[in-house]
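J.: what's the 3D shape of this:
(chains A and B)
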Amino acid sequence: MSQILHEFLRPQPTGGTIVTFHKDSDVATQRQALVRSAGEGVRSLSGGPGRSAEMSDDAPAFHLEEVGIGVISEHVDAQRSAGILSGEESVVEARPEFWLFAIQDFQDTADRTWGIAATGAETSQFTGAGIKLAVLDTGLDFEHPDFTGRNLVQQSFVTGQLAQDVQGHGTHCCGTAAGREVSQGVPRYGVAPEVHLHVGKVLNDSGSGRERDIINGMIWAIQQGCAVISMSLGRRVRQGEGPSAAYERVGELALDSGSLIIAAAGNDSARQFGFIAPVGAPANSQSIMAVAALDENLKIADFSCGEINAGGGEVDIAGPGVNVLSSVPRPQLYDVKSGTSMACPHVAGIAALLAQSDANLRGKALWTALTDSAKALSAPASDVGAGLAQAPQGAPDEGYGKTPVA
Amino acid sequence: MSDVTLKIVLDDAHRDKSDEVCRALEAAGLRIEDSIPAIGVIFGTADSENLARVKQTRGVLEAEPEAQYQLPPFDSDQPQ
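T.: Presented below is the predicted three-dimensional model:
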């Protein structure tokens, strides 16, 4: 496995040390060993009747007397204490303490990221080949090793700047939608690795963009014949604010032209405090698909916007949007990010797979196929819409690919 | 007075008449910067004292300040 994935998957030490004592060593001996290695102030914890075990951060070590285990604080010099403990006869083992995490439904592996598994892209025979997919963002690092040698179309709508990505966001989104298959040391992270990627730079090197540049980029992608247009950008809207007629017209033009615009719902919620922000613009247009973000347990992400406003402010579908590994500009090459910006290109990639599976799935028909085939979730539709986008699995003669793409 | 940059959406009756509405908007004090006839949308800048005239120009459905989209810093822990 690669250094890259090792770095993301490696256990995370707390800085503390777990000490296991011989079961026949006495409590006083154990305690003396802890004092010698961690200093005065070792606190004993015993679960006897009438006693409450109280953990706090100020003690250099805790002694769990009944089970013969010591826990040395991360504030103690671990190298020094390990040296002392190695000479203590009562000690069986002294090893680093690690953080433990809740078991997740999906996790990254050496072969694929969790989003590739959760969407079923991993097992789909479709790759996006023959389908044009546009990512409208900060551009792409065209010299990234996963994209060199590929047939890419690029266009910048930012005055004075090339489509080359400097900010990073665009390269991450392009990677999720269209990054390559599993390769030496790097898991598969692209949903549609063989899609014909069209890179439209509508956000400048600082990550900001004017509405005119974004709308011109959308029109360009439609005119290029892109079946799927991924837009991981947006702005906040107020409660009760309706969509702009401008985006509604672009969305309708897209659907009439056989394109589907898919946009990030927005990250303005703070659900842990009970606050759900309305789906932002332009995802709040009725003719543009709004994508919410899910975590590895397929729960709605804390930040993901929800349906507050009617008339297009609904969430239409959801995609993996927490702890998403994808490409970033050189020299780093890969990084993990969270946001509805990461969920959006997952759904866009799935749309490309569906479009490849059946040439009739374009525009509104593609929208319906995406929502009809989505995996239902326990979360309400106001948060996740139809559910988690799913890749087509059937062989061409099993219901998909009735009208193969030439 | 200060300048305001506007995103103007034409009504359905004038959606295909961008050139005609552009001329009327210029007469109302708008400096046209971009026109997207495919969807009947015009961008331009006007002195704020001419805003009412621009908004009341025949064929204008919506006239609102052009918005700016801004991503959070990519190297931050903020949701993207």
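J.: Regarding chain B, what is its longest helix?
T.: helix B:18-27 (DSSP state H).
J.: Residue A:177 and residue A:341: what is the separation?
T.: 11 Å (Cβ to Cβ, to the nearest Å). Where C-beta positions appear, they are placed from N, C-alpha and C, glycine not excepted.
J.: Any regions of chain A where pLDDT drops low?
T.: Applying pLDDT under 70 to chain A flags the ranges A:1-10, A:47-57, A:101-103, A:395-406.
J.: Up against chain B, what does it have?
T.: Contact residues, chain A versus chain B (Cβ under 8 Å from any Cβ of the partner chain): A:138, A:167-169, A:172, A:203, A:207-212, A:214-216, A:219, A:232-235, A:244-246, A:249-250, A:253, A:267, A:281, A:293, A:301, A:303, A:328, A:337-342.
J.: Of these, which belong to helices?
T.: A:169, A:172, A:211-212, A:214-216, A:219, A:245-246, A:249-250, A:253, A:340-342.
J.: If you drop the residues flanking it in sequence, what lies closest to residue 75?
T.: Unless you meant another one, I'm taking chain A. residue A:60 (7.0 Å; Cβ to Cβ, 6 or more residues apart in numbering or on different chains).
J.: hmm, I had chain B in mind actually
T.: Nearest one to residue B:75, counting by Cβ to Cβ, 6+ apart, is residue A:168 at 7.4 Å.
J.: which stretches of chain B form helices?
T.: Using DSSP H, helices in chain B cover B:18-27, B:51-55.
J.: right, I mislabeled it, should have said chain A
T.: A:3-9, A:27-38, A:78-85, A:114-118, A:169-178, A:211-223, A:245-256, A:340-357, A:364-373, A:381-384.
J.: Report the buried residues of the shortest one.
T.: Under the neighbour-count criterion of 16 or more other Cβ atoms under 10 Å in any protein chain shown, helix A:381-384 has A:382, A:383, A:384 buried.
J.: Pick the one among these closest to residue B:49.
T.: Closest approach to residue B:49 among the buried residues of helix A:381-384 (Cβ to Cβ): residue A:382, at 43.7 Å.
J.: surely the closest one meets residue A:307?
T.: Yes. Between residue A:382 and residue A:307 there is a contact at 3.9 Å, judged by Cβ atoms under 8 Å.
J.: shared neighbours of the two, anything?
T.: Counting by Cβ atoms under 8 Å, 6 or more residues apart in numbering or on different chains, the contacts common to residue A:382 and residue A:307 are A:314, A:315.
J.: excluding its backbone neighbours, what's nearest residue A:21?
T.: According to Cβ to Cβ, 6+ apart, the nearest residue to residue A:21 is residue A:68 (4.1 Å).
J.: With residue A:263 instead?
T.: Nearest to residue A:263 is residue A:283, by Cβ to Cβ, 6+ apart, at 3.8 Å.
J.: How much space separates the one you found from residue A:290?
T.: 4 Å.
J.: Now the common contact residues for those two.
T.: Joint contacts of residue A:283 and residue A:290 (Cβ under 8 Å, 6+ apart) are A:263, A:264, A:265.
J.: If you rank the residues you listed by neighbours, which is first?
T.: residue A:265 (36 neighbours; other Cβ atoms under 10 Å in any protein chain shown).
J.: And that residue, its phi and psi?
T.: Dihedral pair for residue A:265: phi -70, psi -30, per degrees, to the nearest 10.
J.: Look up how far residue A:366 lies from it.
T.: From residue A:265 to residue A:366 the distance is 19 Å (Cβ to Cβ).
J.: Which positions in the longest helix of chain B come out as buried?
T.: B:18, B:21, B:22, B:24, B:25.
J.: what's the closest of these to chain A?
T.: residue B:18 (12.5 Å; Cβ to the nearest Cβ).
J.: Give me the nearest residue to that closest one, chain neighbours excluded.
T.: residue B:37 is the one closest to residue B:18 (Cβ to Cβ, 6+ apart), at 4.5 Å.
J.: That neighbour: neighbour count?
T.: So residue B:37, with other Cβ under 10 Å, has 15 neighbours.
J.: what about it, distance to residue B:10?
T.: 9 Å.
J.: Which neighbours do these two have in common?
T.: residue B:18.
J.: Could you check how far residue A:110 is from chain B?
T.: 25 Å (Cβ to the nearest Cβ, to the nearest Å).
J.: Now do that residue: how many residues are near it, please.
T.: 14.
J.: And the ones in helices among the residues of chain A next to chain B, which two are furthest apart?
T.: A:172 and A:245, at 31.2 Å, using Cβ to Cβ across those.
J.: which ones are touching the closest residue in space to residue B:13 that isn't next to it in sequence?
T.: Spatial nearest neighbour of residue B:13, chain neighbours left out: residue B:59 (7.1 Å); criterion: Cβ to Cβ, 6+ apart. Neighbour list for residue B:59: B:10, B:11, B:13, B:14, B:17, B:20, B:21, B:24 [criterion: Cβ under 8 Å, 6+ apart].
J.: if you set the cut-off to 10 Å instead, what comes out?
T.: B:8-15, B:17-18, B:20-22, B:24-25, B:40, B:42 (Cβ atoms under 10 Å, 6 or more residues apart in numbering or on different chains).
J.: Check residue A:305 too.
T.: Per Cβ under 10 Å, 6+ apart, neighbours of residue A:305: A:234, A:236-237, A:264-269, A:276-280, A:283-284, A:290, A:292-293, A:313, A:315, A:340, A:383.
J.: For PyMOL, write a command that selects the buried ones of the residues you listed.
T.: Listed next is the PyMOL selection for buried residues among the contacts of residue A:305, using 16+ other Cβ under 10 Å:
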select buried, chain A and resi 234+237+264+265+266+267+268+269+276+277+278+279+280+283+284+290+292+293+313+315+340+383
